[in-house]
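> Following is a predicted model, sequence given first.
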Amino acid sequence: MLTRTLLGLALGCLLPLSAAEPLMLDLSPVAVRALADPVANDGVGGWTDQGPERDLSGLTPGVLRFGGVPLRLDGGPRACIVLGPPERKVPPTATLRLPAGAGHHLYLLHALAWARGADRPGRIVALGADGKELGAITVTAGKDVADWWGANDLPNGRVAARVAIDEAEVGLFLSHYELPAGTAVLRLEATATAMWGVVAATLAEQAADLPPLPAPQPAGVAGQGWEPITAERVIEAGSAADLSFLLDAPAGRRGFASPGPDGRLRFADGTRARFAGSNLSLVAGDILTRHQPERMAELAERWARLGDNVCRLLYIDGHAVTDTADSLALNAERMARLDLLAAEMRKRGIYLTIDLMWYRVARHGLATHCPEFYARYKDDAKTLKTFYVGALNFIPALRDDWEAAARLILDHVNPHTGLAWKDDPQLVAIGVANEDNLDHFYTRVSELKELARRAYLDHLRARYRDDAGLAAAWGALRAGESLERGTIELPGSIGGGVREADLFDCLAAAQAASYRDMAARLRRMGCKQVLSATNMVSSAFTAAVRRPHDAVDNHAYWDHPRFPVKEWSLPYGFHGRALLGVKQGWRENPAAFMAT
């Protein structure tokens, strides 16, 4: 681990360790940002401009050696090349002149940010002394480089530096590229929506002997590096560890819970409502397909003995609803098991919460209301889901599809209780959508980004009317910009100057309006549950959007799993550090972990 130290370095064109050693390139002539970022979203930025809790100030400036390759880390204000699309407020290209006689083996210490969907985030174009192109190398995500968050070794990207930040461990990748003979100039080009950051570059005459990539080990195959462990963890009934006596059974007997004027949840009979529990992942546990109905009582009893009085049924929307391009339907077999599980938990005093949108791919809604988009991405479930969750804020017709899927679950009558799910006070809270923060989604899919841009233009027209009004508010318009002609592009973030503030207001208003519409639809259905959404992290944006919510649901994780082989698949990786051992963030400011 590299400790946090900053020191000044005298910069030169190149810094050879000796005549025979590789040459460490000086990036400062084209570098645009420092490693440290004292202020988030100020448009100046260090690294990704996400503030001091998410920067590279943990790197020690100086010479880092990895696998025989020396890498120069700069501690000054121009330490790293950061490239990306215009909305990131960084240049799309950087041109670096190479020292004469330098080697043709290029080593980059680099990483991506906001890498989702960026399969080919960049190109390395080799030019001769006369400016003619000699060749181009495509930088490939998953092979050469990946997101700095939760970095793991890649075929051409060894994690050469790791840094502990507030919430996780991040890393930088060392990649090797062979340049054409006669290369005198390098042009680095960002070619995707991701931000591509280069922290160090070295040229060598011969390829270095990097540590070999660890051979992939099969996950969960006994005798091949893994051994089975049986861990039932059953609490004996009536033992000192059995906390089921704390539960107030049956769940729902005191009526629906709702927020009171004092900001506290209370049941209909006036009793204070307080809940402690956990998630039950219907995906990871395969609860609705693997467990037989007779095991639902066993599962509920285990939950009760933990003393937990609430269970979040995670991913119910995708498992209880069958969604195809042609139809929406309730999955009768899975819903029957859910009914039984809910009834068994009800007997023991365990309440339930659900989210109405997260795991479902929404094929029916997209095929119906966005047919061209659906036809283009029908084989890409991740892109379909990402677009749908964001587009709910801009396309009201998609909220008709959301409502239809919600009704399948909420209007369904549980035969064990005789109550529809919406009418059962055991269902204490409903998430309109899960982790749907629009400020995180609006640039991830180009078509969604365009919806956001159109909404931004409408927002500016309503607020400033015309070019004269906009120029007066913004100080001036850039060349080619015109509100009247619709040639205003999205700013790179929602924080900073007046342009960014207008985007903040636009996105917050869109998401708040979408929530109010969906909440109103649930109320017209007869739902009396506590309603919320936008339940990921705490920020000024979420604080603004959450104003109409009944309560704040906030998701914050310590030591979130990493996925060395495949996303959301075993094996998982963890950094294993104690929360109280982190100097920045939650230990010094516990409010950063709390809902806002």
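Yes, it's here.
> which SS class is residue 404?
At residue 404, secondary structure determined by DSSP: H, G, I helix; E, B strand; the rest coil is helix.
> List the single closest residue to it in space, sequence neighbours excluded.
Excluding its sequence neighbours, the residue lying closest to residue 404 (CB to CB, 6 or more residues apart in numbering) is residue 328, at 5.6 Å. From N, CA and C alone the C-beta is placed, and that goes for glycine too.
> what residues are up against the one you found?
321-322, 364, 401, 404-405, 408 (CB atoms under 8 Å, 6 or more residues apart in numbering).
> Among those residues, which are located in strands?
The members of the contacts of residue 328 that map onto strands under DSSP state E are 321-322.
> got CSV for the contacts of residue 328, with pLDDT too?
Converted to CSV, the contacts of residue 328 look like this (pLDDT from 0 to 100):
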residue, pLDDT
321, 95
322, 94
364, 97
401, 98
404, 98
405, 97
408, 98
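> could you flag which of the contacts of residue 328 are buried?
Neighbour-count burial within the contacts of residue 328 applies to 321-322, 364, 401, 405, 408; the criterion is 16 or more other CB atoms under 10 Å.
> Which stretches in the stretch 301-450 of the chain count as helices?
316-319, 332-347, 363-369, 371-377, 381-391, 396-410, 438-441, 446-464 (DSSP state H, counting those that start in this stretch).
> all strands for the stretch 51-200 of the chain, in order.
Using DSSP state E, counting those that start in this stretch, the strands of the stretch 51-200 of the chain run over 62-66, 69-73, 81-83, 93-97, 105-113, 122-127, 133-139, 158-164, 169-178, 185-190, 195-204.
> And the last one, how far out from the chain middle?
Meaning strand 195-204. How far strand 195-204 lies from its chain's middle: 25 Å, per CA atoms, centre = their mean, to the nearest Å.
> who does the next helix or strand after that strand touch, helix- and strand-wise?
Note on strand 195-204: by DSSP states H and E, the next helix or strand toward the C-terminus is strand 257-259. Contact here means 3 or more CB pairs under 8 Å, 6 or more residues apart in numbering; DSSP states H and E; on that basis strand 257-259 packs against strand 265-267, strand 530-532.
> do that again at 10 Å, thanks
strand 265-267, strand 427-431, strand 530-532 (3 or more CB pairs under 10 Å, 6 or more residues apart in numbering; DSSP states H and E).
> and the residue nearest the centre of the chain, what is it in contact with?
Nearest to the mean C-alpha position of the chain, by CA atoms, centre = their mean, lies residue 440 at 7.1 Å. Neighbour list for residue 440: 114, 386, 389-390, 534, 536-537, 539, 541-542 [criterion: CB atoms under 10 Å, 6 or more residues apart in numbering].
> Check this structure for its longest helix and report it.
helix 498-525 (DSSP state H).
> and the angle for that one with strand 427-431?
150 degrees (axes from the mean of the first three to the mean of the last three CA atoms, to 10 degrees).
> buried stuff in helix 498-525?
499-500, 502-504, 506-512, 514-515, 517-519, 521-522.
> Then stretch 101-117?
102-115, 117.
> Serialize the helices of the stretch 301-450 of the chain to TSV and add fields for distance to residue 567.
Output for the helices of the stretch 301-450 of the chain, formatted as TSV (distance: least, CB to CB, whole Å):
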stretch	distance to residue 567
helix 316-319	16
helix 332-347	24
helix 363-369	21
helix 371-377	18
helix 381-391	9
helix 396-410	25
helix 438-441	17
helix 446-464	20
